[in-house]
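Student: Sharing a model that was predicted from the sequence below.
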Protein chains: 2
Amino acid sequence: MQVKCTRIATDAPSRVDLCHNAPFLRIFSLSASDTPTFAGPSLQAIREAHARIAPHIEETQVMISYPLDELAGALLYFKCENLQLSGSFKIRGACNAVFSLSEAEASRGVVTHSSGNHGAALALAAQMRGIRAWVVMPRNAPQVKVRAVEAYGADISFCEPTLAAREAAAAELLRSTGGTLIHPYDDDRVIAGQGTAALEFLEEIPDLDIICAPVSGGGLLSGTAIAAKSLRPEIMVFGCEPLNADDAARSLAAGHLEPGSDRFTIADGLRATLAPRTFAILRERVDRILLSTEEEIVQAMRLLTEHLRVTVEPSGAVAAAPALHKQIEGEELRIGIILSGGNLDPDTIPAAPDPRARAEYRKPQEER
Amino acid sequence: MQVKCTRIATDAPSRVDLCHNAPFLRIFSLSASDTPTFAGPSLQAIREAHARIAPHIEETQVMISYPLDELAGALLYFKCENLQLSGSFKIRGACNAVFSLSEAEASRGVVTHSSGNHGAALALAAQMRGIRAWVVMPRNAPQVKVRAVEAYGADISFCEPTLAAREAAAAELLRSTGGTLIHPYDDDRVIAGQGTAALEFLEEIPDLDIICAPVSGGGLLSGTAIAAKSLRPEIMVFGCEPLNADDAARSLAAGHLEPGSDRFTIADGLRATLAPRTFAILRERVDRILLSTEEEIVQAMRLLTEHLRVTVEPSGAVAAAPALHKQIEGEELRIGIILSGGNLDPDTIPAAPDPRARAEYRKPQEER
């Protein structure tokens, strides 16, 4: 693993300072070598998912910004899943799952639990196939996400904001409807669908050195890691997580699943925890987890708003925060960042966290 | 003129309610008929401008949103000039002007005065051609716009926020540098460049019934009106203006140039006033000016942020505000809206103006 860091350091010797949040990290298992068969769906499954969902989704654009490159000290490529249908990458996995169902299964509808984006995506995917959808949402889900699920015609059941309450409510719905559970991330069809974002990303920008995706339950990061490491074995795959919801970092460091954090994070979409399925995939294929503070997440949102002129929700900015705060840098380093969602309630746009962040931006530092 | 309104009413008889802000309006002169030669650049000049600038600018995308269609009671098409290079349509006119200069002229650089977006655009266009640019900016220009002009390498001179102070400072720069003035709107090269946005728009969506563009100095609206009325004589061209900066509405109603308003508007890009050149074009080619309150402008920004997931500055949302507040509606009416800019300082994102607006949104009214 350190070999790879050195390789990048050799390629871009000027300002390389990978991994400066090392206290939070350790080296996970290698992606190649001693694992003969990998966990999770294959690259082929991701390619099939892409063929299945392509008629229904957007091939989202990749944006760049010279001021953000300068600020980051690296070459940043942003895959704009915030501009995806339903406002997030979640439509990829939901569509793949819904259009994989048999006619008989589909006729009984689909059920899920979601803090928001997966619920909206499943509602839309069900609408596209013309079937019913039931969505369990926590009572504290952002209003903008509740509105989206409603708008796509799903039935909503509200529950307490705990994983146990969500799962109990979903189980009851499954019993009463006979529908199929489409889990937000603990499902190979969903993981394969989420992997199509990285597939498109690397088809457009084949020479990325690093790809960063947010991690919550691990569906997007799993699909990203499978697609990216299969297409380009030398790429580094970084998961990005709020410091206040750092269960993936802790789980990978400990080698077993750790419980979720009870601290608050503005990144409401990243409060879920890994499943055994996604944990196994991440152990094999993900190089590091990078953590960001709440202030760094907010500042990343603001920088993206200013320079890309797109709306990014807090969870959607988490994969951008490490590069924008020089956790990863290197003059010629090509960093791909998945902006995972844009469902931001205008009422909740956060204010500036710290005037110094702005001052730093105005005069980028040569060296930290 | 009323015939056209009736035509649209006939096409879409259900909820047509054009022109409900009639107290602010009157019918201007017709666009066809009794004017044998039109003022301003020709469609051919706009086509030539497009060929000249196409290698340097983005062909911006057109977005749609079903929830916004439902809210508006019409079919809305948004031309995303907020995602244009430099963050606004202004790069079109600036590029056309800069790349029209002779080598000798270009070598002495370009000068302008601008509250922001034109200054940034001219700075970028000059950088593209490798020549110098001097920009006079009012002291109260938004910081995000000042940063952009700086980032593109132009020299900035600050002045008092009046047209007279701007023009005096620019005149002094012209004397001292020998450069060429590229006026933000009182220039046929600039107007032809701005018209390329409507050219692209109608090439992509040829059957628009209405096209809405913001009006300040009138460059974008002039170019839009020339392109749109030339390509599709039956289209209606609406200029959109803050009620608090309504000089275009007053001037067109009075038949002569009226002074600017001294009221404050959040739409900082729309505080300029028409020039005789743009006034002449608008009289011939623009059907109406629609006015929006400050609250309507802010609400439009918020709706665009939520549903299109793009950043729109206040001035950039002014052309969307009338349709989003049902000043124009009709079930099958195809309304093209130019979102003119996205240079929004994250520090100045306005808060919700009125909780009722949100409540109304959650349950769209069938009839007003």
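Tutor: Okay, I see it.

Student: Next to chain B, which bits of the stretch 201-350 of chain A? Give me the list.
Tutor: Applying CB under 8 Å from any CB of the partner chain, one finds that the stretch 201-350 of chain A approaches chain B through A:301-302, A:305-306, A:308-311, A:342-347, A:349. For every residue, glycine as well, the C-beta is placed using N, CA and C.

Student: Taking those residues, tell me the two that lie furthest apart.
Tutor: Pairwise distances across those (CB to CB) peak at 21.9 Å, for the pair A:Leu308 and A:Asp347.

Student: neighbour-wise, which of the two wins?
Tutor: Ranked by neighbour count (other CB atoms under 10 Å in any protein chain shown), A:Leu308 and A:Asp347 place A:Leu308 first, with 24 against 14.

Student: Not counting its neighbours along the chain, what's nearest the more buried one?
Tutor: Nearest non-adjacent residue to A:Leu308, counting by CB to CB, 6 or more residues apart in numbering or on different chains: A:Met63, 5.2 Å away.

Student: and if you look at A:Ala154?
Tutor: Take A:Ala154 and drop its neighbours on the chain: the residue closest to it by CB to CB, 6+ apart is A:Ala123, 3.5 Å away.

Student: Am I right that that neighbour is in contact with A:Asp155?
Tutor: No: no contact is recorded between A:Ala123 and A:Asp155 when judged using CB atoms under 8 Å, the distance being 9.0 Å.

Student: Between the two, which contacts overlap?
Tutor: Each of A:133, A:135 lies in contact with both A:Ala123 and A:Asp155 under the rule CB atoms under 8 Å, 6 or more residues apart in numbering or on different chains.

Student: Give me the more crowded residue out of these two.
Tutor: Higher neighbour count among A:Ala123 and A:Asp155: A:Ala123, with 29 against 16, using other CB under 10 Å.

Student: list the contacts for that one?
Tutor: A:133, A:135, A:148-149, A:152-154.

Student: Out of those residues, the closest to chain B would be?
Tutor: Within the contacts of A:Ala123, proximity to chain B (CB to the nearest CB) peaks at A:Ala148, which comes in at 8.6 Å.

Student: which residues does the closest one contact?
Tutor: A:Ala148 sits next to A:86-87, A:116, A:120, A:123, A:343 when contact means CB under 8 Å, 6+ apart.

Student: at 10 Å instead, please
Tutor: Shown in contact with A:Ala148 (CB atoms under 10 Å, 6 or more residues apart in numbering or on different chains): A:86-88, A:116-117, A:119-121, A:123-124, A:142, A:154, A:343, B:67, B:306-307.

Student: Against B:Pro67, how distant is the residue nearest the centre of chain A?
Tutor: Among the residues of chain A, the one closest to the centroid is A:Pro214, at 3.6 Å (CA atoms, centre = their mean). Taken as CB to CB, to the nearest Å, the spacing of A:Pro214 relative to B:Pro67 amounts to 25 Å.

Student: quick one, strands of chain A?
Tutor: Across chain A, reading from the start of the chain, the strands by DSSP state E fall at A:62-63, A:75-80, A:110-113, A:133-138, A:155-159, A:180-181, A:210-214, A:236-242, A:288-292, A:334-339.

Student: on contacts alone, who are the packing partners of the first one?
Tutor: The one in question is strand A:62-63. strand A:75-80, helix A:188-204, strand A:334-339 (3 or more CB pairs under 10 Å, 6 or more residues apart in numbering or on different chains; DSSP states H and E).

Student: Export those as a markdown table, with columns for mean pLDDT and distance to B:Leu324.
Tutor: Output for those, formatted as a markdown table (pLDDT from 0 to 100; distance: least, CB to CB, whole Å):
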| stretch | mean pLDDT | distance to B:Leu324 |
| --- | --- | --- |
| strand A:75-80 | 97 | 24 |
| helix A:188-204 | 98 | 31 |
| strand A:334-339 | 98 | 26 |
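
Student: In JSON lines: those, plus mean neighbour count.
Tutor: Below are the helices and strands packed on strand A:62-63 laid out as JSON lines (neighbours: other CB atoms under 10 Å in any protein chain shown):
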{"stretch": "strand A:75-80", "mean neighbour count": "24"}
{"stretch": "helix A:188-204", "mean neighbour count": "26"}
{"stretch": "strand A:334-339", "mean neighbour count": "28"}
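
Student: Tell me which of the ones you listed lies nearest to B:Leu199.
Tutor: Comparing those by their distance to B:Leu199 (CB to CB), the top pick is strand A:75-80, with 25.7 Å.

Student: near chain B at all, that closest one?
Tutor: Yes: between strand A:75-80 and chain B, judged by CB under 10 Å from any CB of the partner chain, the touching residues are A:Cys80.

Student: what comes up buried for stretch A:167-186?
Tutor: A:169-170, A:173-174, A:179-186 (16 or more other CB atoms under 10 Å in any protein chain shown).

Student: Please apply the same query to stretch A:218-235.
Tutor: A:218-232, A:235.

Student: Show the model's pLDDT score for A:Glu167.
Tutor: Looking at A:Glu167, its pLDDT reads 88.

Student: I'd guessed it sits against A:Pro138; true?
Tutor: No: under the contact definition of CB atoms under 10 Å, A:Glu167 does not touch A:Pro138, with a separation of 11.8 Å.

Student: Now for those two: what residues contact both?
Tutor: Counting by CB under 10 Å, 6+ apart, the common neighbours of A:Glu167 and A:Pro138 are A:113, A:159.

Student: Next, find the distance separating A:Phe238 from chain B.
Tutor: Using CB to the nearest CB, to the nearest Å, one gets 24 Å for the distance from A:Phe238 to chain B.

Student: ah, wrong one, I meant A:Gly218
Tutor: Remark: distance between A:Gly218 and chain B (CB to the nearest CB) = 24 Å.

Student: Which positions are bridged to the residue nearest to A:Leu308 in the beta structure?
Tutor: Beta-bridge pairing of A:Met63, defined through DSSP bridges, involves A:Phe78.

Student: can you tell me which residues contact A:Glu160?
Tutor: A:138-140, A:166, A:168-169.

Student: Can you list which of those are found in helices?
Tutor: Counting by DSSP state H, the part of the contacts of A:Glu160 found in helices is A:166, A:168-169.
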